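> Give me the fold of what follows.
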Amino acid sequence: QPMPETAPVTTRRRQQRSLDTRSALLGTAIAAFSEKGFDGVSVRQLEEMAGVKRGLVAYHFSDKEQLWRAAVEQLFAALRDDLVGRVAALGDVAPAEAARAMVTAFVRYSAAHPQLNRLMMQECTGDSWRVACLVDEYIRPMLDGLTEALPAAAALLWGERDAHRYYLFIGAGAFVFSAEQECRQLFGINPRSDEFVERHAEMVANLLLGSATPGAAQTASGPP
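Reported below is the predicted structural model:
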């Protein structure tokens, strides 16, 4: 006869199922909000897409707003790890080299997580509490932190909060990965391949930094 399941084992399995359900809802929400926007998907649809029972969004996140906030937090946590987390190591590096490293980190993040740029495009077509949340709780603090940590490198990338340079940085660094399927159809290229990502990071850095970046002229014109 099989031994009866002990209480601690049963509890651990229930806890793991709960974690798995929460993770499934979060992953589904990130994909859905980036593709359809906050208003384009219902709680019921999110639960169906995640393959979980009705009522589990409310159980794990209270409501759709809190689920959206959790999805955004996860995307920006990954960006902080990939970009801000590397800034401390760049303190003694020349500003142009530090700026190039920041560009490369952002391009690599954007290739791995195209959902953030897609979500931003969805939300920024209108004005809402979600845009305010994104700007006030995530984007502005991140820019402030990067500028404070590496002022000279930040000045090379977006100057004194120059909107033109900032959106050149964001657009050049992230858009191709949001338009992945167009790139595949138009050029027959997978833009999320390692080779493409590294080349794209190099070209974005050259675009933004120009002669401020060592080796930029040679890269632009090809080897002698």
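> Let's verify Arg54: helix, strand, or coil?
Secondary structure, DSSP: H, G, I helix; E, B strand; the rest coil: Arg54 is coil.
> who's in contact with the closest residue to it other than its chain neighbours?
Nearest residue to Arg54, sequence neighbours excluded (CB to CB, 6 or more residues apart in numbering): Glu47, at 5.8 Å. (C-beta placed from N, C-alpha, C; glycine too.) Residues near Glu47 by CB atoms under 8 Å, 6 or more residues apart in numbering: Leu25, Lys53, Arg54, Gly55, Leu56, Val57.
> Torsion angles phi and psi at Tyr166?
The phi/psi pair for Tyr166 (degrees, to the nearest 10) reads phi -60, psi -50.
> Might you report the residue contacts of the residue lying closest to it once chain neighbours are set aside?
Distances taken as CB to CB, 6+ apart place Trp158 nearest to Tyr166, at 4.2 Å, with adjacent residues excluded. By CB under 8 Å, 6+ apart, the residues touching Trp158 are Leu143, Arg165, Tyr166, Phe169.
> Which one (most neighbours) among those residues?
Phe169 (22 neighbours; other CB atoms under 10 Å).
> ok now do it, which residues does it touch?
Counting by CB under 8 Å, 6+ apart, Phe169 touches Val103, Phe106, Leu157, Trp158, Val204, Leu208.
> Tell me the one among these nearest to Arg14.
Set against Arg14, the nearest of the contacts of Phe169 by CB to CB is Phe106 (40.0 Å).
> Which pLDDT value goes with the nearest residue to that closest one once chain neighbours are set aside?
Sequence neighbours aside, Gly173 is the residue nearest to Phe106 in space, at 4.9 Å (criterion: CB to CB, 6+ apart). With respect to pLDDT, Gly173 scores 97.
> Surely Gly173 and Arg108 touch.
No. Counting by CB atoms under 8 Å, Gly173 stays clear of Arg108, with 9.5 Å between them.
> okay, these two: which has more neighbours?
Between Gly173 and Arg108, counted using other CB under 10 Å, Gly173 has the larger neighbour count: 26 against 18.
> Next one: the more buried one from Ala29, what distance?
Distance of Gly173 to Ala29, given as CB to CB, to the nearest Å: 24 Å.
> follow-up on the earlier one: find the residues that touch each one of Gly173 and Arg108.
Joint contacts of Gly173 and Arg108 (CB under 8 Å, 6+ apart) are Ala201.
> Pull the contacting residues for Ala88.
By CB under 8 Å, 6+ apart, the residues touching Ala88 are Ala149.
> And it, what's its pLDDT?
As predicted, Ala88 sits at a pLDDT of 70.
> And Asn190, by the same measure?
pLDDT for Asn190: 97.
> where does it fall, helix, sheet strand or coil?
The assignment at Asn190 comes out as coil when based on three-state DSSP.
> Output the below-cut-off pLDDT ranges for the protein.
Counting by pLDDT under 70, the chain contains low-confidence ranges at 1-7, 211-224.
> Taking the centroid of it, which residue is nearest it?
Residue closest to the average C-alpha location in the chain (CA atoms, centre = their mean): Leu116, at 4.3 Å.
> returning to that earlier point: now, the most widely separated pair of the contacts of Trp158?
Leu143 and Arg165 (12.0 Å).
> Now do the helices in the protein.
Secondary structure of the chain, counting by DSSP state H: helices at 7-36, 43-50, 56-61, 64-79, 85-87, 95-112, 114-123, 129-133, 140-149, 151-158, 163-178, 180-187, 194-209, 216-221.
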